[in-house]
Structures are given as structure tokens and as C-alpha cells.
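> After the sequence you'll find the predicted model.
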2 protein chains.
Amino acid sequence: MSKQLKEHIGKFTNIKENDLVQILKYFKNVSYGKKENLMVEGQICKYHFFVLKGCLRKFYINDHGVEQTTEFAIENWWITDHMAFERQRKTDFYIQAVEKTDLLMIDFKSQENLLNEYPQMERYFRFIYQRGFAALQMHLKHFSNFSKEEIYHMFAKVQPEFVKRVPQYLLASFLGFTPEYLSEIRAKKRS
Amino acid sequence: MSKQLKEHIGKFTNIKENDLVQILKYFKNVSYGKKENLMVEGQICKYHFFVLKGCLRKFYINDHGVEQTTEFAIENWWITDHMAFERQRKTDFYIQAVEKTDLLMIDFKSQENLLNEYPQMERYFRFIYQRGFAALQMHLKHFSNFSKEEIYHMFAKVQPEFVKRVPQYLLASFLGFTPEYLSEIRAKKRS
DNA sequence: CGGATCGTTGATCAACTTCAACGGTCGTGG
DNA sequence: CCACGACCGTTGAAGTTGATCAACGATCCG
């Protein structure tokens, strides 16, 4: 079942099959149903998650009591509250399944042991973070450069499956505006 | 002169002194004067920079022809256009010295060689990216949670030296609003 | 000393939010 | 398998936030 992570690691490193089999033992395979929480505000952020199949979202509750989505994770994405994970602190975030989701999880201690036992994995995680970082920087650039209307259209163009897959109010929350306004933008386009 | 990078690497790894001396040879030591460009739009993004002393900023020219600052780097920070650096593509960004700045630079090929020769450096860069990524995520969270006025006050509280160090119009550009509005916010507070 | 750059102020304007109300649809229990 | 309630998307009116434009004063640097 986790050929998937093996393949993903294989893309960035040339770790041997034998080692990969051992590496997989550090992970726990679990499933969550729609709207189930994997992580909630106030808990120590214990785990790092890798999505095998499905979709997760990370959000926090803002000052007006509204859920603000900051990140989605679909197949082959890693997700956690990195700040809290690295320091093993309490998190401000929730991570929730948008649909039924199968995933691998690893706790902080195990991840550290894994990196010590298999230092080649440093390279793998270096890539994961490097890409995540680069992607976020692009994201931030777009946010500052374009109006919310443009952001929606660009996103819809680049990630059409995504727009179909997640409910509209979550998309609005992720893109940083109200469901009403998103609805208006879509109406404008149709006419 | 580059005890500084050695110490920084030492914080995250336990690479031996001998190796560190060799590692430093991969870097070139240079200085730039105020307003000099280290990188300009349209060039291949060749280098990764480490600030020893001074201050750099990364910006792009937006659709209205206005410079939009997306990142500052001060002592012990790494900076580049990661997306373009990783793929050795053309960049959309400028990197410019805000004040006279001493730094170390490494080109992509050398960084790859360095990582191959000294795989322990994977760990170092894994940490650099991990922290950068986590910091950006926090930044993004703040941006979505607070009004621009609140963002300014929070930033001024957390990074007071910064507010004094960079001119106001750059700060406004970084925080994502107009110099006029920043001026208004400051006036409000004074009264 | 003089010009260019930077910060300030005020008026007007556009983008986006908030609030309230309504209709459709999805899924759950009877 | 139907009915009901909860949830979701839509619409429109009114209200805010922050941008834009123009003009002026201060300051920095050659």
C-alpha cells in the first residue's frame, strides 16, 4: 500500500530498496473520514502527515470566530504545523479531512530517529521543504500582485480539479475572501 | 571573516572543523553598496546568498510598475529566488542591497557539488528551508488574520530594529500597502 | 545651496465585507 | 424511500478599508 511513499522518496534520492522497506516501518498507516480532525488547536503538534489518497486542509479560527483555511494537501503532499512540530509545541491550527483520506503519519521522535538512522533522508526532506518554501513564496507574490478576482481566475486556471473537488466556501476561505464575494465573481463570469 | 557561517552551520550540525574549512571554499566573499543589484529580472538565477553584515531585499515590479518587496534578509539569513534557483531558470525578481552589505555567495553547481561531497550539509539546508517555510507560514497566517493597521503594529512590536533600519516606503512595500497609508497609521498612533 | 527623494495630508474612489434573506440540495432518521 | 432539517450557494443593499491622485514640506546628499 505504500509503494506510493517509496516512489516519492525515489524521485529525490537513490535510497536502496532494502532501506526503503525499513524506512517505511517508521510510519503508521491510517484513515480519516470526512470532517474528522487529525489535529486540533491547543494540542502538542505531534505528527507529520503524508497524504496517500484524499484531501486534507489546515485552518485556524480567526478573531471573528471564522475558520480560515491556509493550506490544502492532496496526494503526495506533506502537511503539519511546521513551526509547532519542529519545537514540539502547542499548535494554533486544525487539520481536518475534507473527504475520506488515507495517509501515513510519523511522530517527531520517530522522524528524528529516521533521520539519524538514514541520513540520506535528510536529502529527501530538504527537497520537500525547499519546494514547499518556493511554492509558498510564489503564492505570496501572487497574493500581493493581483486583485482577489484575478487570484480566483488564476487559481481556477492552474488547479481546475481543485476547484471542482473542494466546496466553494472552503475555496473562498483558502483564497482569503468571503463566500459571497466568490459567488459574485463566478456570477460575473457566467454572464 | 567567515567564522560566521561556520558558527551558523555548527548550530544545526556537528560537522568537523576540518570539513568546515573545506566547505567554506565553495563560497565567494563579496560586498555590495547601497542600491546595488545582486540579481535582476530576466537573468538566470545563479546564486544563493548568505548575509554576513548588512541588509538585502528581494522585490519584483508589479503590473502597475511599482516595486513590491517580498523579503528582507539581514545577518545570517539566506536569500534567493528559490523557485528559479532550483531549476536554474530566469527569475522575476530583483535582489538589492538596502545598505552596504557583505555576503557569501554560492552558485547552483557548486551547491550541488557541496551537497554531494559533504552530505552532512543536507541536514543544514534541510533546517534552513524548514525554518524559512515555517516562518513564511506564520507570516501568511498573520496577513490573513489581521487588518493592515494591525499588521503594522504587530510588526513594529516584534521587529522594532527593522522599522528603524529600513526606510518607510520599503517597509510599506514589504507589508503590502502604500506609503501614504502607512503614514496615516503612524499619524493616528501619535495623536 | 539646490535638486531629488521621502514623508505627510486630505479628497475622492474602487474593492471587498457584512448582513439579511431566500431557494436548492444533500444526507439522515423515521 | 420519503420528509425534514441543516448546510450551501446566491443576490442585493449598505458600510469599511485601503488605494489613488495631487500638492506641499522636510530632509538628505552632492
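Looks like it arrived, so ask away. Numbering: from 1, shown residues only, chains lettered A, B, ... in the order given.
> Run through who's touching stretch A:152-163.
The contact list for stretch A:152-163 (Cβ atoms under 8 Å, 6 or more residues apart in numbering or on different chains) reads A:F72, A:I74, A:H142, A:F146, A:L171, A:L175, A:L182, A:I185, A:K189. Heads up, the C-betas are built off the backbone N, CA and C, glycines and all.
> Show me what from chain A comes close to DNA strand C.
A:H64, A:S147, A:K148, A:E149, A:G176, A:F177, A:T178, A:E180, A:Y181, A:E184 (Cβ under 7 Å from any atom of the strand).
> can you tell me which of these are up against DNA strand D?
Restricting the residues of chain A next to DNA strand C to those near DNA strand D by Cβ under 7 Å from any atom of the strand leaves A:E180, A:E184.
> and which of the residues of chain A next to DNA strand C is nearest chain B?
Checking those against chain B with Cβ to the nearest Cβ, the nearest one is A:G176 at 5.4 Å.
> Tell me the spatial nearest neighbour of the closest one, not counting adjacent residues.
Ranked by Cβ to Cβ, 6 or more residues apart in numbering or on different chains and with sequence neighbours excluded, the top spatial neighbour of A:G176 is B:S144, at 5.4 Å.
> Could you say which helix or strand holds the one you found?
Secondary structure assignment for B:S144, by DSSP states H and E: helix B:120-145.
> Report the angle between that helix and helix A:120-145.
If you take axes from the mean of the first three to the mean of the last three Cα atoms, to 10 degrees, helix B:120-145 sits at 30 degrees to helix A:120-145.
> what about stretch A:125-134 and chain B, any contact?
Yes - residues of stretch A:125-134 contacting chain B under Cβ under 8 Å from any Cβ of the partner chain: A:F125, A:R126, A:Y129, A:Q130, A:R131, A:G132, A:F133, A:A134.
> show me where chain A has helices.
Remark: helices assigned in chain A by DSSP state H are A:3-12, A:17-24, A:82-87, A:108-117, A:120-145, A:148-158, A:160-165, A:168-175, A:179-190.
> For B:N14, find the nearest of the ones you listed.
Proximity to B:N14, assessed across the helices of chain A by Cβ to Cβ, is greatest for helix A:108-117 (11.8 Å).
> Excluding sequence neighbours, find me the nearest residue to the most centrally placed residue in chain A.
Centroid-nearest residue in chain A: A:A73, 3.2 Å away (criterion: Cα atoms, centre = their mean). Ranked by Cβ to Cβ, 6+ apart and with sequence neighbours excluded, the top spatial neighbour of A:A73 is A:I79, at 3.9 Å.
> That neighbour reaches A:F49, doesn't it?
Yes - using Cβ atoms under 8 Å, A:I79 is in contact with A:F49, at 5.2 Å.
> hang on, the earlier thing: run through the residues that contact the residue nearest to A:G176.
With Cβ under 8 Å, 6+ apart, B:S144 has these contacts: A:N62, A:Q68, A:T70, A:G176.
> where do the contact lists of A:I79 and A:F49 overlap?
Counting by Cβ under 8 Å, 6+ apart, the residues touching both A:I79 and A:F49 are A:L56, A:A73, A:I95.
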